[in-house]
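>>> Attaching a predicted model along with its sequence, questions to come.
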Amino acid sequence: MGSFKSAFIVLLVLTVVISATVHIGEAKRMLPEEKTLPASDLQDSKLVVKFCQDGCWSICFATTCGCVCPRPPKP
């Protein structure tokens, strides 16, 4: 049973790595296309960017963004 569990975890990790690689490749390919958009398209964007506190970073999905802050360690 342990072998099956290990194989499943390896397959899951491999799937996530391949998916992330494909998304990064698509993002790099689309980057030059986005730079050539007219200014009017950029003004109509519904993307809302929030500025996060120090120690936090922003994460965006679709048209919304939020802040991710690490939790302090438990005593």
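Happy to help now that I have it.

>>> Would you report the backbone torsion angles of residue 58?
The phi/psi pair for residue 58 (degrees, to the nearest 10) reads phi -90, psi 150.

>>> What's the local residue count around it?
Neighbour count for residue 58, taken as other Cβ atoms under 10 Å: 12. Every residue, glycine included, has its C-beta placed from N, CA and C.

>>> in the chain, what spans have low per-residue confidence?
Judged by pLDDT under 70, the chain has its weakly predicted residues at 1, 33-50, 75.

>>> now the strands for it?
57-61, 64-68 (DSSP state E).

>>> pull the CA atoms of the first one into PDB?
To tie it back to what came earlier, the one meant is strand 57-61. Provided in PDB are the C-alpha atoms of strand 57-61 (Å, rounded to 0.1, in the frame of the first residue of the first chain):
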ATOM      1  CA  TRP A  57       2.900  39.600  -1.400                       C
ATOM      2  CA  SER A  58       0.100  40.000  -3.800                       C
ATOM      3  CA  ILE A  59      -1.500  37.000  -5.600                       C
ATOM      4  CA  CYS A  60      -4.000  37.400  -8.500                       C
ATOM      5  CA  PHE A  61      -6.600  35.100  -9.900                       C
END
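
>>> Give me whichever of the strands of the chain is most buried.
Ranked by mean neighbour count, these are led by strand 64-68 with a mean of 12 (mean count of other Cβ atoms under 10 Å).

>>> Perfect, I'm done here.
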